[in-house]
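Engineer: can you look at this prediction? I've put the sequence above it.
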Amino acid sequence: MYICLCKDVTDRQLRESIRRGACSFGQVRRHCNLGGKCGKCMGEARLIVQKELMNQGQTSTSACGNR
Ligand code: FES
């Protein structure tokens, strides 16, 4: 599903960024080139990133920064 229509960023790309080591919303934003135009995506994107980071913390033994 597209989250950022201005930059063609999907929720899958956000989750993949976290799986590849992004530890914060800011890092995901930079990795995916998210936002920066209209800004309408930011609330939804932040929720997805927060949820995914929580899931990673609960299911992964590797802490962020040790990847
Ligand atoms: S929808 Fe993401 S900047 Fe416009």
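Structural biologist: Right, received. Where do you want to start? In this text the structure is predicted, and so the values were computed from the model without any measurement.
Engineer: name the helix or strand of the protein that has the lowest mean pLDDT.
Structural biologist: Averaged element by element with mean pLDDT, DSSP states H and E, the chain has its least confident helix or strand at helix 42-59 (a mean of 89).
Engineer: quick one: list the elements packing against that one.
Structural biologist: strand 2-4, helix 11-19, helix 25-32 (3 or more C-beta pairs under 8 Å, 6 or more residues apart in numbering; DSSP states H and E). C-beta coordinates here come from the backbone N, C-alpha and C atoms, glycine included.
Engineer: please identify the most buried of these.
Structural biologist: Most buried of the helices and strands packed on helix 42-59 by mean neighbour count (mean count of other C-beta atoms under 10 Å) is strand 2-4; its value is a mean of 20.
Engineer: just to revisit the earlier point, so can I have CSV of the helices and strands packed on helix 42-59 showing distance to the ligand and mean pLDDT?
Structural biologist: What follows is the helices and strands packed on helix 42-59, written out as CSV (distance: least, C-beta to the nearest ligand atom, whole Å; pLDDT from 0 to 100):
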stretch, distance to the ligand, mean pLDDT
strand 2-4, 3, 98
helix 11-19, 12, 97
helix 25-32, 10, 97
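Engineer: for N55, which of these is the nearest?
Structural biologist: Comparing the helices and strands packed on helix 42-59 against N55 with C-beta to C-beta, the closest turns out to be helix 11-19 (8.8 Å).
Engineer: helices or strands up against the closest one?
Structural biologist: If you count contacts as 3+ C-beta pairs under 8 Å, 6+ apart, helix 11-19 packs onto helix 25-32, helix 42-59.
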